[in-house]
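Chemist: The sequence and its predicted three-dimensional model are supplied below.
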Amino acid sequence: SDAVAEYALQLGDDALILAQRLSWWISRAPEIEEDVALGNIALDQLGHARSFLIYAGKRFGKTEDELAYWREEDEFRSCHLVEQPNGDFAVTIVRQLLVAVFQNLLYTELTRSSDETIAAICAKAVKEVDYHRDHAIQWTLRLGRGTEESARRMRVALADLWPYVGELFVDEQLHDDVGTAGARPSTLRAAWDEEIAAVLADAGLDVPQVPDAMARGRHGEHSEHLGYLLAEMQVLARKHPGASW
Amino acid sequence: SDAVAEYALQLGDDALILAQRLSWWISRAPEIEEDVALGNIALDQLGHARSFLIYAGKRFGKTEDELAYWREEDEFRSCHLVEQPNGDFAVTIVRQLLVAVFQNLLYTELTRSSDETIAAICAKAVKEVDYHRDHAIQWTLRLGRGTEESARRMRVALADLWPYVGELFVDEQLHDDVGTAGARPSTLRAAWDEEIAAVLADAGLDVPQVPDAMARGRHGEHSEHLGYLLAEMQVLARKHPGASW
Amino acid sequence: RAGQARFDEIIAKDSRIEPRDWMPEGYRKTLTRQISQHAHSEIIGMQPEANWITRAPSLKRKAILMAKVQDEAGHGLYLYSAAETLGTPRDELNDQLLSGRAKYSSIFNYPARTWADMGAIGWLVDGAAIANQVPLCRASYGPYGRAMVRVCKEESFHQRQGFEILLELANGTAEQKQMAQDAVNRFYEPSLMMFGPPDGDSPNSQQSMAWNIKRFTNDDLRQRFVGMIVEQVKVLGLTLPDPELRFDETAGQWIHKELNWDEFKAVISGHGPCNAQRLARRREAHENGAWVREAAAAYAARQTEKVA
Amino acid sequence: RAGQARFDEIIAKDSRIEPRDWMPEGYRKTLTRQISQHAHSEIIGMQPEANWITRAPSLKRKAILMAKVQDEAGHGLYLYSAAETLGTPRDELNDQLLSGRAKYSSIFNYPARTWADMGAIGWLVDGAAIANQVPLCRASYGPYGRAMVRVCKEESFHQRQGFEILLELANGTAEQKQMAQDAVNRFYEPSLMMFGPPDGDSPNSQQSMAWNIKRFTNDDLRQRFVGMIVEQVKVLGLTLPDPELRFDETAGQWIHKELNWDEFKAVISGHGPCNAQRLARRREAHENGAWVREAAAAYAARQTEKVA
């Protein structure tokens, strides 16, 4: 249905924007092992994005590339959290932690989706996301319990990104429409809170007490960052309309 | 003549790209006084760019905006030095020092251009560029003789940017073609070297001993940075071909 | 007390208090808060517009926008100076901003999503700011009033430029017109809320009016503003997103839709789309600039030594 | 000395030296330099291609390019490991790179100016690398040879992907084809120079060949490479920018234009378009990552303590 396609688009856009952000690190990571690791994660996310976009595109009569390169900013459905800039390594790790724990819960749930394609994509993706989650947790521990400086940076990163957590768990009309093919985000919040709290406690970090931002990426109302990201991502494809690569 | 128009294009592109770089600082400077100062300098450079591009465009039958927004990367004539990223404040100041001393010498020379328009633009611009030069010198002194950390950053910035100095002084066929309407860059080098050496000496900094980079921006062969800058600068205009603003 | 008597006399004559004059602590505190909030608003307010400088769609618009954002930095500077005359140094005021203790105009916690927002911000946000600020040119505190005179002059220039941006878009392609209307739709209600809560909910207004700081109530100012934009939107050929909007002849005033004060309070208390981003960006600029300010201070100290 | 005799015997049998075996200092030094230069080349070589990851024009190409650049990081890692078996720790090798004492393949000092460069780099640069490296799979030093086996397998994959990018462009729009030809024009000569100076100018080659590190001379390898790309460029429907290029039947070899060895030397000695940029970027990544590595080390030390 259109609702399922819209839903796939959301999932795909989150993964696509995150992949685009993460891919920047390749050749810039703190150690070469991390060029590899972040590259892997970016590649996984890009793979998931492609699966979701191909599926959504079937319904809309568009290819994955038409969706990625020819939509305008307000047609994207990504959440603000994945749009946030990479910042320093701590910001990237915190963003990864918050997103990967969420994706892991969500995709696990979606392996039981009544939509076979969604279920199949998520069955494959969830194993990879589980690694992303593990990667983020390991780094959260290292940085949280590393040096004073690393812990300080983690606290700043947590406070700066936390405002965009709330959006992940907002139930929308779309979740009604998509029914058992999807999952109601609000139902994942408790498990997410619990897991994040445990990781942060292990890392010696506090759950930040900062207000949620009003963020309506699912309605095409994005952070100010997305426009820049899209300008760069789309620039070449748009110079050559109709070309194949 | 076409040569004069090409020459104006070069001058305009340097100013345009520098203005674009500098304008990023507005709202991000180390103190609000510098938001104002760098904003002023950016605005001056943009003003010069517009004058040069309007003049060049007359010959080519193009508006300033067609030249700024609709040329491809290899049609730009900027030098690599102005294309270099802002880096930290030291990099921006060093880039300003190197460029402003150059522009000041060049525009002074060009106030005697046999081309009246070039002479007139430069007569106005040179006063502003003289302020840019002064601003850069003052900061070079402050940072060079400020703290150990500021001196260290200045040394790094000098070494990183110096490779792009050579390109400023390369005589090209165009300088022959443009004759007395222009100035041969090589004739400005001695004065530039002398002035920069004096400023750096005052600032307790050494003239870097690093090799020049092969840089042929005047032939449309740009640094890898320019593509990103143009993608951002041109994105909106290109979404609305033919629109007026 | 002679000081109090003289102060009261100046206020009664609608004349001006100067920095060396005696003034009540409450007056000093109220003004310090108001002027520094205003300064902070100029500084934070640079961000939504700076967001479009590098992407401005014509060189002329880029120049105008750069000049405007730079003016805001200038306004910030003279407002901080005015606030400093009341005894609080700029560093401390800046700390209050960065630590989140000080407020700034809530409107800047909305994103500038499209180029048309440069128009809507100029027309509506600067427009509302001017309506607020013109009476402040006569504020009883001299340095504030004088700063406001300069600010207002530039702001009205900015407002006209914003209007021109929208006018150009509204007369442009269908997409441009749509972009303009969308921006007006998004900024209309927040700009009306810039005047603050309805008079009944604005407990401090009365004291400020007694001190000749505030000259009109929130609702009065809002009325004037609405009256103004109702006329101007016609010239633009756009509409205001308020089906209830009408002039009630009997009451002699504009009736507009119920404003979403819950959202207003939420945004003020940190829940706006960009509160976190705006402060983080300001903190980042401040931290990244720390070594520069230290170097400048060290250099200045050494120069002073040399002279001495 | 027994060690030397045994070493000579292994070399004579064309068998393999392993890390614990005795080896002449010159052999150790030569290999350490060569392997670490190779590792540095993989790491610096990520940059020109990383330059197009975020702008790749299709998601499929983006994925392929990301995987490729990531593979290069992987190659760097196993080559550093191989070099470490010779006794120099990775930190020291990295210092040599960052301080400019160590070299890396000069080709990476050219910019990747357009998307087509992703094709030309894959086809020509990886192609030349493979021609260089395939014989190294039989290098007398075991860890190096084994690392090269893995590297070559992936490189030939990369080369094919580069070829495919060019093929797609060459069969695309006129602009795309032009972009492809331009990239080939720019990378042709530098790729031929990747084999190093002509045999007469390559003093160290002989010793390396005697040690079974090098198997073919620079000119031999260049010949093979030219022979290969001459055929492949026909499939692409592009041309090589070398009007003098022909096969001389009598000499039994390819005649190509005089290569610009002055430029080669200039680029090697730091004058390339991107030398400064490549090193600055690597240094920046290293410095920005310092606090991360420190934190990781502190954490690891504490974990070890706990266990102990």
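Modeler: Great, that's in hand. Worth saying up front: this structure is predicted, and the values here are computed from it rather than measured. Numbering: from 1, shown residues only, chains lettered A, B, ... in the order given.
Chemist: A:His225 - nearest residue in space that isn't next to it in sequence?
Modeler: A:Glu83 (4.9 Å; Cβ to Cβ, 6 or more residues apart in numbering or on different chains). Using the backbone N, CA and C atoms, a C-beta is placed for each residue, glycine as well.
Chemist: same deal with C:Gly142?
Modeler: Nearest to C:Gly142 is C:Arg16, by Cβ to Cβ, 6+ apart, at 4.2 Å.
Chemist: what's the answer for C:Ile10, then?
Modeler: C:Ile17 (5.8 Å).
Chemist: Would you confirm that the one you found contacts C:Tyr141?
Modeler: Yes: using Cβ atoms under 8 Å, C:Ile17 is in contact with C:Tyr141, at 5.2 Å.
Chemist: tell me the secondary structure for the residue in chain A positioned nearest to chain C?
Modeler: Closest residue of chain A to chain C, Cβ to the nearest Cβ: A:Pro211 (3.7 Å). Put simply, A:Pro211 is coil when judged by DSSP: H, G, I helix; E, B strand; the rest coil.
Chemist: residues in contact with it?
Modeler: A:Pro211 makes contact with A:Pro163, C:Ser269, C:Gly270, C:His271, C:Asn275, C:Ala276, according to Cβ atoms under 8 Å, 6 or more residues apart in numbering or on different chains.
Chemist: just the buried members of those residues?
Modeler: A:Pro163, C:Gly270, C:His271, C:Asn275, C:Ala276 (16 or more other Cβ atoms under 10 Å in any protein chain shown).
Chemist: and the residues you listed, which of them are in strands?
Modeler: Using DSSP state E, no member of the buried ones among the contacts of A:Pro211 sits in strands.
Chemist: Closest one of those residues to B:Gly217?
Modeler: C:Ala276 (39.7 Å; Cβ to Cβ).
Chemist: wait, what's in contact with the residue nearest to the closest one when sequence neighbours are not counted?
Modeler: Closest residue to C:Ala276 apart from its sequence neighbours, by Cβ to Cβ, 6+ apart: A:Pro163 at 4.2 Å. Neighbour list for A:Pro163: A:Val210, A:Pro211, A:Asp212, A:Ala213, A:Ala215, C:Asn275, C:Ala276 [criterion: Cβ under 8 Å, 6+ apart].
Chemist: got a pLDDT number for the fourth one?
Modeler: The confidence metric pLDDT takes the value 96 at A:Ala213.
Chemist: phi, psi of it?
Modeler: phi -90, psi 150 (degrees, to the nearest 10).
Chemist: Can you give me the distance of it to chain D?
Modeler: 25 Å (Cβ to the nearest Cβ, to the nearest Å).
Chemist: packing partners for whichever strand or helix holds C:Ile10?
Modeler: Assigned by DSSP states H and E, C:Ile10 belongs to helix C:2-12. With contacts taken as 3 or more Cβ pairs under 8 Å, 6 or more residues apart in numbering or on different chains; DSSP states H and E, helix C:2-12 sits against no other helix or strand.
Chemist: Ignoring the adjacent residues along the chain, who's closest to residue 167?
Modeler: Here I'm looking at chain A. Closest residue to A:Glu167 in three dimensions, ignoring its sequence neighbours and counting by Cβ to Cβ, 6+ apart: A:Ala215, at 4.0 Å.
Chemist: that's the wrong chain, I wanted chain C
Modeler: Using Cβ to Cβ, 6+ apart, the closest residue to C:Leu167 is C:Leu236 (5.8 Å).
Chemist: Show me where chain C has its strands.
Modeler: C:246-248, C:253-255.
Chemist: Now tell me what touches the last one from outside.
Modeler: What that stands for is strand C:253-255. So strand C:253-255 is contacted by C:Gln223, C:Val226, C:Gly227, C:Val230, C:Glu244, C:Leu245, C:Arg246, C:Phe247, C:Asp248 (Cβ under 8 Å, 6+ apart).
Chemist: Please name the residues that touch residue 118.
Modeler: Since you didn't name a chain, this refers to chain A. Contacts of A:Ile118 by Cβ under 8 Å, 6+ apart are A:Val4, A:Tyr7, A:Ala8, A:Leu11, A:Tyr55, A:Leu110, A:Ala181, A:Gly182.
Chemist: nope, chain C
Modeler: C:Glu49, C:Trp52, C:Ala56, C:Arg61, C:Leu65, C:Ala112, C:Gly162, C:Ile165.
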